[in-house]
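Engineer: Give the three-dimensional model of this entry:
(2 chains, ligands or ions: 1)
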Amino acid sequence: MSTCSKCKSFFAVPADADDYAEGKGDCVREEKDEKGKFWLSKPVMENGTCEFFKEKN
Amino acid sequence: MEQAKSIEYKGKVIDFPYEKPEEKDIPLEHLHQKMANPSTGRTKRIKDRLRYKHTAVGEFCEEGIRGGMERMRYYTEAYKASEGQPEVIRRALSVANILNKCTVLMQEDEFIVGYNAENPNFVPLYPELSHFTVMDYMQSKYSPQPVEEAQEIVDFWSKNSLLARGMGYYTQEELLRQFIFTTMEAPAFASGFNSIVPPYETVQEDGLLKRIELAEAHIKEAIEQLAAPYWVASERMPLFDKIDVWRSMIIIDKAVIAWARRYSRLCKILAENFEADPKRKEELLEMADINHRIPAEPCKGLKDGMQAKWYTYLMCHAIERYASGYAQKEDKLLWPLYKASVIDKTFQPMTHQQAVELFELERLKVSEHGAGKARLFREVFPGSNDLFILAVGGTNGDNSDGCNDCTDAILQAAINIRTPEPSIVFRWHPKGRLKTKRLVFECIRDGMGFPSIMHDVKGTNQLIYLSKFSKTGNGVTPEEAHDWANVLCMSPGHVGRRKSQKVRTEGAGTIYVAKTFEITLNNGFDWSYANIQSGPETGKLTDLKTFEDLWEAFRQQYLYAIDMVNRGKDLSRHLEIRFMQMPFVSSIDDGCMELGMDANELSEQPNPWTNSIGGIVTVNSLVAMKKLIYDDKKYTLEQLDEALHSNWVGFEEMHKDFLNAPKFGNDDEYADAIAKRYYEEICAGEMKKIFNYSGGPMMPVGQAVGTNVEMGSRTGPTPDGRFGGEAHDDGGISPYYGTDKKGPTAVLRSVAKINSEGQKANLLNQRLSQPQMRSKHGFNIWLAYMNTWFDLDIDHVQFNVVSTEEMKDAQREPEKHGDLIVRIAGYSARFVDINTYQQNTIISRTEQDFGAEDLEYLGVDL
Ligand code: SF4
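Structural biologist: Next comes the predicted model:
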């Protein structure tokens, strides 16, 4: 299954974080346009998924 | 470039060679493009790729900007889910939901982090303030996506927004008169446009964890008080509301800490997974540390201070609700941290030059900030993304010089990086050190249009005067009165841990005086634009047989407009107190924390003002009518009526006479006496009879921002010789474009005749000769001008030092002039970002040369 937990962009929220919840992670993706690169971080749950899924190495 | 013409002065011929001799070889039209000198490769790179969100004529100047969805979505989701809870708690939960669920993001090379939307090209929207604004975005290419979701959100807020709640208190006729935006600004609730002076100090000095502790302690104490023997309702009933306010503070402060720590995690993830450059990796880890500690803990170094300030700015101006401005006394606020890092090197050690880079980074961060403003507010501030004005200089509480090395770093950064934002106000005092004044001059000489200058003593005294009206008896002390910045472009307001202005319904809101005068000539009817009765019936023009009849009719129209605007402001505040609480702002204000009161409600230091824009067109019109009709009887009222309704067409000779009538700004007794009477008797005189929510007497602020063009286009022909649709004066007390013909000191003498005590602030725009200012005598002349200005008790002045040749070249080839900056009226903008109409008003301002008489008056030694 292409779920967030298996995705390259998924980084589990550490247990001591203020916003920790079981299965919660930061989805961090790099984007680029004519003005340069930027990175977006969105809260996601490990069983979620989306069109940008990329398998972890 | 040609140097300024030599003059004979005190028996000598004075030449004006360039201070930097190499400038004589630079083509005049390319001067400013060569001036930027970012202090590092990083600030240069960021400047080259800036995502400007400047607007003009209601449109964003760059492609790809869009209204964001996340703020609306998460705010609305939590607001609906919290139904039944106290309103202040709902506000806190709704804003906290944004912070918990929003996308956080970072761009290449950034050091100061934090955004207000989910994409660097997006601006946030505020349906809870005005669903009309969201609808406007939806009907444009900036529409938030998906549109269906945006529509659902609009449908919900169409019954619950501040706008929806405000309309019921007006008649249809009154609503039309205000919403048409001609003689007066629409009621404050229509857009929710706000201004605020955030108490940055508490975040910097305490950190939010301490603020949470304070709120918890207050709740504990209140609960103990409720349970103590002998119930006394009058003492204890208020505690229920206070407990809710303190709870809301805790909710929001915890959310802000968690939000900042998501940025911290992002920095760490980028360092460990995305970044190859070891130096940047190290910096990202340092940023991860800063954003973990800040704003939770007190700041220990300058980098901490900059990051804490930016988070606080975002919360107060962009996330909890929208508010314009960048009010802070930055060199005082950051001085302890500058000292720790640059002088004592106790934390985040750095050199002065590295501090300068940090201020350049701040300017860049501000420059690409975007505000989800309504269309009208995108029209009236052409060339800007929003209004950003910070203050430096002045005096400290013990009356010592407020300038320090941090002031110099802020000014140096502005000179280096050449961005129009943020604009700077320099508080002028004779004690101000020369080294800093020299940097102020260099900024101005290099054409930035800032710092604008405010009279330090007048500003401080004004705060002391207004403190007498404090409802709580706790206005500023004489010592605290020295701590002030401009709330927006012009009006002084206290800065500090408490007592600062939190809402625009306290100060601001606008009446357009030239339009008000135009309808006075038509029995209150707006024939040239809206075709409605815009004010009371005060008599047909032909019935205003004497100048006093005219004066009285105008006074009544003026009073009607200022009453309406202030009623709208206080009604909006009434609604803000009940529905638009600001838990975050309240949590960082010592007064709100102590008293358990929301920041909309608590008023300790009154700061009442109403913008009164277009006064000089009115003054010049009154002068022309008095001279040509009432005194000389050269023309009749019937002829004037006909000429104006024909836009002067067919009345060319008459037009010439009205155009050539005496004009304000030439030290002309006839014209200046009417100006004095208008500003003192009507503008300040009528205004001070109005008292607002805070208990203070209303004061006028004269400034145009960019409305001179927008509102000029809605104003028909006027007796000063203006054609219908032509721009108004550029605000406040500035002579009309090109009509100040007697030199720069004649302007000062005209302005000085008006008692500035009654005005909260009055904008004076002056355009100075570029070759003289760039000559080896430039600083001496300017310094003497400034000292005279101070002695004449004038409260404000700002400058353009840009040649007509360069501006015309930029109109021909805008792509070659990205760094050409001009002063509009209260803020600066890139010349290429403003519309041609506005550009032309700047070109048409008189370029003041200092002649021998001026130099004599100023007492300059050359
Ligand atoms: S949301 Fe998409 S890109 Fe992000 S972690 Fe999940 S699958 Fe990957």
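Engineer: how near is the residue in the stretch 301-450 of chain B that chain A sits nearest to to the ligand?
Structural biologist: Residue nearest to chain A within the stretch 301-450 of chain B: B:E368 (9.3 Å; C-beta to the nearest C-beta). Placement of C-beta: from N, CA and C, glycine included. Shown here: B:E368 relative to the ligand, a distance of 26 Å by C-beta to the nearest ligand atom, to the nearest Å.
Engineer: and that residue, what are its phi and psi?
Structural biologist: Note on B:E368: its backbone torsions stand at phi -100, psi 10 [degrees, to the nearest 10].
Engineer: Quick check, it in contact with B:R49.
Structural biologist: No - under the contact definition of C-beta atoms under 8 Å, B:E368 does not touch B:R49, with a separation of 9.2 Å.
Engineer: doesn't B:Y529 fall inside a strand?
Structural biologist: No - B:Y529 sits outside any strand when classified using DSSP: H, G, I helix; E, B strand; the rest coil, being coil.
Engineer: give the contact list for it.
Structural biologist: Applying C-beta atoms under 8 Å, 6 or more residues apart in numbering or on different chains, one finds that B:Y529 lies in contact with B:182, B:714-716.
Engineer: Can you name the residues in contact with the helix or strand B:R177 falls within?
Structural biologist: Here B:R177 is covered by helix B:172-179, with elements defined by DSSP states H and E. Counting by C-beta under 8 Å, 6+ apart, the neighbours of helix B:172-179 from elsewhere in the structure are B:167, B:170, B:183-187, B:190, B:532-535, B:564, B:568.
Engineer: show me where the stretch 701-850 of chain B has strands.
Structural biologist: Remark: strands of the stretch 701-850 of chain B, listed N- to C-terminal, are B:761-762, B:765-768, B:796-800, B:821-823, B:828-830, B:847-848; assignment by DSSP state E, counting those that start in this stretch.
Engineer: so what strands line up beside the last one?
Structural biologist: Strand B:847-848 pairs in its sheet with strand B:765-768 (parallel), by DSSP bridges.
Engineer: Then the longest one?
Structural biologist: Here the strand partners of strand B:796-800, with direction, are listed using DSSP bridges: strand B:452-455 (antiparallel), strand B:765-768 (parallel).
Engineer: Now that we have the ones you listed, can you turn them into CSV and tack on mean pLDDT?
Structural biologist: Listed next are the strands paired with strand B:796-800 as CSV, based on pLDDT from 0 to 100:
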stretch, mean pLDDT
strand B:452-455, 98
strand B:765-768, 96
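Engineer: can those go into JSON lines with extra columns for distance to B:F651 and mean neighbour count?
Structural biologist: Compiled in JSON lines, the strands paired with strand B:796-800 are given as follows (distance: least, C-beta to C-beta, whole Å; neighbours: other C-beta atoms under 10 Å in any protein chain shown):
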{"stretch": "strand B:452-455", "distance to B:F651": "39", "mean neighbour count": "25"}
{"stretch": "strand B:765-768", "distance to B:F651": "30", "mean neighbour count": "25"}
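Engineer: Just give me the residue right at the centre of the chain.
Structural biologist: Just so you know, I chose chain A. Of all residues in chain A, the one closest to the mean position by C-alpha atoms, centre = their mean is A:C27, 1.5 Å from it.
Engineer: The intended chain is chain B.
Structural biologist: Closest residue to the average C-alpha location of chain B: B:L488 at 2.8 Å, with C-alpha atoms, centre = their mean.
Engineer: State the distance from the closest residue to that residue other than its chain neighbours to B:Y115.
Structural biologist: Nearest residue to B:L488 in three dimensions, chain neighbours excluded: B:G325, at 4.9 Å (C-beta to C-beta, 6 or more residues apart in numbering or on different chains). Using C-beta to C-beta, to the nearest Å, we find B:G325 at a distance of 19 Å from B:Y115.
Engineer: What residues does chain A have near chain B?
Structural biologist: Chain A has residues A:11, A:13-14, A:17-19, A:26, A:28, A:30, A:33, A:35-43 near chain B, with proximity defined as C-beta under 8 Å from any C-beta of the partner chain.
Engineer: picking that back up, ok, B:E368 and B:R49, which is more surrounded?
Structural biologist: Taking neighbours as other C-beta atoms under 10 Å in any protein chain shown, B:E368 and B:R49 compare with B:E368 leading, 22 against 16.
Engineer: returning to that earlier point: could I get the strands of the stretch 701-850 of chain B as JSON lines with distance to B:F525?
Structural biologist: Below are the strands of the stretch 701-850 of chain B laid out as JSON lines (distance: least, C-beta to C-beta, whole Å):
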{"stretch": "strand B:761-762", "distance to B:F525": "30"}
{"stretch": "strand B:765-768", "distance to B:F525": "32"}
{"stretch": "strand B:796-800", "distance to B:F525": "35"}
{"stretch": "strand B:821-823", "distance to B:F525": "36"}
{"stretch": "strand B:828-830", "distance to B:F525": "35"}
{"stretch": "strand B:847-848", "distance to B:F525": "39"}
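Engineer: Mind checking these for the one nearest to the ligand?
Structural biologist: Taking C-beta to the nearest ligand atom as the criterion, strand B:828-830 is the member of those that comes nearest to the ligand, at 37.5 Å.
Engineer: For that closest one, the averaged confidence score.
Structural biologist: In this model, strand B:828-830 has a mean pLDDT of 93.
Engineer: quick one: that strand to chain centroid distance?
Structural biologist: In terms of C-alpha atoms, centre = their mean, to the nearest Å, the centre of strand B:828-830 is set 13 Å apart from its chain centre.
Engineer: Relative to that strand, what are the paired strands and their orientations?
Structural biologist: strand B:821-823 (antiparallel).
Engineer: I'd like the mean pLDDT over the host helix or strand of B:H574, please.
Structural biologist: Here B:H574 sits within helix B:547-579, counting by DSSP H and E. Mean pLDDT, helix B:547-579: 97.
Engineer: starting at the chain centroid, how far to it?
Structural biologist: Taking C-alpha atoms, centre = their mean, one finds the center of helix B:547-579 at 22 Å from the center of the full chain.
Engineer: Next, the buried residues of it.
Structural biologist: In terms of neighbour count (16 or more other C-beta atoms under 10 Å in any protein chain shown), helix B:547-579 has its buried residues at B:549-551, B:553-577, B:579.
Engineer: cool, and stretch B:179-192?
Structural biologist: Using 16+ other C-beta under 10 Å as the burial criterion, the residues of stretch B:179-192 that qualify are B:180-192.
Engineer: again with stretch B:352-365
Structural biologist: Neighbour-count burial for stretch B:352-365 flags B:354-365 (criterion: 16+ other C-beta under 10 Å).
Engineer: likewise stretch B:707-721?
Structural biologist: In terms of neighbour count (16+ other C-beta under 10 Å), stretch B:707-721 has its buried residues at B:707-712, B:714-721.
Engineer: repeat for stretch B:686-698
Structural biologist: B:686-687, B:690, B:692-698.
Engineer: In CSV: those, plus pLDDT and secondary structure.
Structural biologist: Supplementary listing: the buried residues of stretch B:686-698 in CSV, determined by pLDDT from 0 to 100; DSSP: H, G, I helix; E, B strand; the rest coil:
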residue, pLDDT, secondary structure
B:E686, 97, helix
B:M687, 97, helix
B:I690, 97, coil
B:N692, 96, coil
B:Y693, 97, coil
B:S694, 96, coil
B:G695, 95, coil
B:G696, 95, coil
B:P697, 97, strand
B:M698, 97, coil
